[in-house]
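Model the following, please.
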Amino acid sequence: MTKIDEVRDVLDKAVSEAGVPGILAEIREHDQTWSEVRERSAEDRFRIGSVTKTFTATVVLQLAAENRLDLDDPVGKWLPGLVARGDEIPVRRLLNHTSGLFNYTQDQPALSTRETYTPHQLAEIAMAHPADFAPGAGWGYSNTNYVLAGMVAERVTGRDLADEITDRVTRPLGLTATRLPRAGDETLGEPHSVHYTKLFSPDPDAEIHDASALEPSPYWAAGGMVSSAGDLLRFFEALLGGRLLPPEQQSAMFTTTPTRDWLDSASYGLGVSSLTLSDGTEVWGMGGALFGSWTYVYGSRDGTHLMAANINADWATGAWDDPGAVLTALLEAGFR
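Sure thing, here's the model as predicted:
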């Protein structure tokens, strides 16, 4: 069985056995690209969840390269009075999730009181909770870190993060499907498939909802972006290939910290993660999950072999008990 056949087999089983409504994958090897879809369009736009963090980190690292901030600057320098122990948390600890700050998305009641949220309001939700650990004393995935990183970027530049991402990344790379929606913009753009959600319920019989229209402001710099498989491949090809960051910042981005209670085979850099596949292959990129959408984008360290994949749901059943397991199986097939 060829690599393409193995990828197709995973896609078929995702729909027929794991029960996902639709799935797409796009693979690039050097100058060759091919797409496979099931119940989807290859040009679909979808919410990329935490893959947004890689864009946010890229902007912050570009600002560091321009000497407009230092990764060792305390967060309190740029956001005075907002962050508990902000003078002890350097910007770098936001980007590699070693700040210890509470993850505001774990307080769902607080995220149900408004129609839209400002980044400051999201930070306040986090600051209402004690830290999970002292700065630098552990590793803990926290969306709060990236809301604060986005706020730092805006304070440094005096501009909206959405505009910085557009001017620094999406426009230069020609990423026409990629954007950070502003508060109140619930649209995906066309074309798109329905985003189906069970609200991450473990109940296999949970009610299914249409999450295609979703207010992006509660996720913002941590998970609010929309993109397509083709755009994500172009972005990560440029990033892994060293075309977006100078060597010093590239090295900083890909210097990893062991993760705790996240993925056994993973380590985390600054807005990127590495996964070690079952055959020992190491791939670099990011994954993201949001209501009705689950995305993986990973590639070889030099960016010459990449895969972007998305499931338009937040559940899977059977042997693959969640979409992450399906997408990991796709990576295993696509990087053989």
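
I'd like to know the predicted local confidence at the nearest residue to Leu277 once chain neighbours are set aside, please.
In space, Leu277 comes closest to Glu332 once its chain neighbours are excluded; the distance is 5.6 Å by CB to CB, 6 or more residues apart in numbering. From N, CA and C alone the C-beta is placed, and that goes for glycine too. pLDDT for Glu332: 96.

can you count the residues close to Ile4?
13 (other CB atoms under 10 Å).

so what's it closest to, chain neighbours aside?
Trp34 (7.1 Å).

thinking again about what came up before, my read is the residue nearest to Leu277 is in a strand, agree?
No - counting by DSSP: H, G, I helix; E, B strand; the rest coil, Glu332 falls outside a strand, being helix.

What are the phi and psi values at the residue nearest the centre of the chain?
Centroid check for the chain by CA atoms, centre = their mean gives Val51 as the closest residue, at 1.7 Å. Main-chain torsions, Val51, degrees, to the nearest 10: phi -60, psi -20.

same check, this time on Ala134
The phi/psi pair for Ala134 (degrees, to the nearest 10) is phi -70, psi 150.

Enumerate every residue touching it.
Ala134 sits next to Arg85, Gly100 when contact means CB atoms under 8 Å, 6 or more residues apart in numbering.

next structured bit after the strand ranked longest in the chain?
If you go by DSSP state E, the chain has its longest strand at strand 282-290. Once strand 282-290 ends, the next helix or strand along the chain (criterion: DSSP states H and E) is strand 293-299.

Just confirm the residue nearest to Leu277 contacts Leu275, I think it does.
No - using CB atoms under 8 Å, Glu332 makes no contact with Leu275, being 10.1 Å away.

and those two? which has more neighbours close in?
Taking other CB under 10 Å, Glu332 and Leu275 do not tie; Leu275 has more neighbours (20 against 16).

Secondary structure class of that one, three-state.
Leu275 is classified as strand under three-state DSSP.

Would you check how far apart it and Thr328 are?
Separation of Leu275 from Thr328 (CB to CB, to the nearest Å) stands at 8 Å.

so what's the residue nearest to the centre of the chain closest to, chain neighbours aside?
Gly288 is the one closest to Val51 (CB to CB, 6+ apart), at 4.1 Å.

residues near the one you found, how many?
Gly288 has 24 nearby residues by other CB under 10 Å.
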